[in-house]
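Participant: missing the sequence, but the structure's below:
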């Protein structure tokens with residue numbers, strides 16, 4: 001195998017679909033709390049809401065990228081959560097703090113560690129962090145999630161410019177659209193008191209307008225293989 005692929009949030013949703021659709025030459029590593037149960041995937045059990053886990057995973061990046069003579073190394077950060085949905089100042093304090101850590105801090109810390117690990121490799125290197133339309137739209141009830149995605153997009157835009165100057169890693173923030181995952185089920189089950197726009201998402205589901213995770217992963221892989229896709233901020237719905 002010549003291609004190292006590391007995916008966080010690999011047990012379900014888009015992360016699992018990215019692992020499942022990976023090219024045949026991939027050595028696939030899934031990082032999540034639960035095993036994705038995919039043949040050939042090496043599971044790294046980690047709770048990414050715990051900052052104590054980030055350093056150990058960064059050390060694992062160092063080990064993995066130097067474990068073989070890879071010709072391509074790809075890191076897809078798909079881990080994230082919407083919970084707790086609700087207005088700031090009203091939701092559970094500990095859950096809100098965990099959301100901030102997982103959605104805002106974790107992607108930046110792990111992406112930095114990945115860039116450091118692959119810095120001296122003279123091979124094709126790709127870093128993808130999943131974003132959301134919530135980065136640029138106000139959704140009352142999703143304040144921490146939207147703020148985190150906005151931070152991710154600013155980080156990616158700046159780091160893509162840095163890597164163009166030196167480093168050479170392709171860095172992307174990809175908004176996949178509204179996808180049929182467990183996150184959408186959580187949204188639909190939320191009371192309108194906590195998420196006033198819930199009926200829109202219930203309607204999208206009822207009308208069969210949610211994107212399929214497997215289709216999203218296929219488009220993500222196509223994006224990575226498109227040499228003309230040079231914008232670091234990508235909305236898959238526009239491709």
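Facilitator: Done, it's in. Because the structure is a prediction, the values reported are computed rather than measured.
Participant: how about the backbone phi and psi for residue 123?
Facilitator: Main-chain torsions, residue 123, degrees, to the nearest 10: phi -140, psi 170.
Participant: enumerate every residue touching it.
Facilitator: By C-beta atoms under 8 Å, 6 or more residues apart in numbering, the contact set of residue 123 is 70, 71, 72, 73. Every C-beta, even on glycine, is put in place using the N, C-alpha and C of the backbone.
Participant: what does the pLDDT read for the closest residue to residue 88 other than its chain neighbours?
Facilitator: Distance criterion C-beta to C-beta, 6 or more residues apart in numbering; nearest residue to residue 88, sequence neighbours excluded, is residue 143 at 4.9 Å. At residue 143, the model reports a pLDDT of 98.
Participant: measure residue 143 to residue 40 for me?
Facilitator: Look at residue 143 and residue 40: by C-beta to C-beta, to the nearest Å, they are 39 Å apart.
Participant: who has more neighbours, the two?
Facilitator: residue 143 (19 against 12; other C-beta atoms under 10 Å).
Participant: wait, that one touches residue 90, no?
Facilitator: No. Between residue 143 and residue 90 there is no contact under C-beta atoms under 8 Å: 10.7 Å.
Participant: report the contact partners of the closest residue in space to residue 197 that isn't next to it in sequence.
Facilitator: Closest residue to residue 197 apart from its sequence neighbours, by C-beta to C-beta, 6+ apart: residue 139 at 6.1 Å. Counting by C-beta under 8 Å, 6+ apart, residue 139 touches 145, 146, 195, 197.
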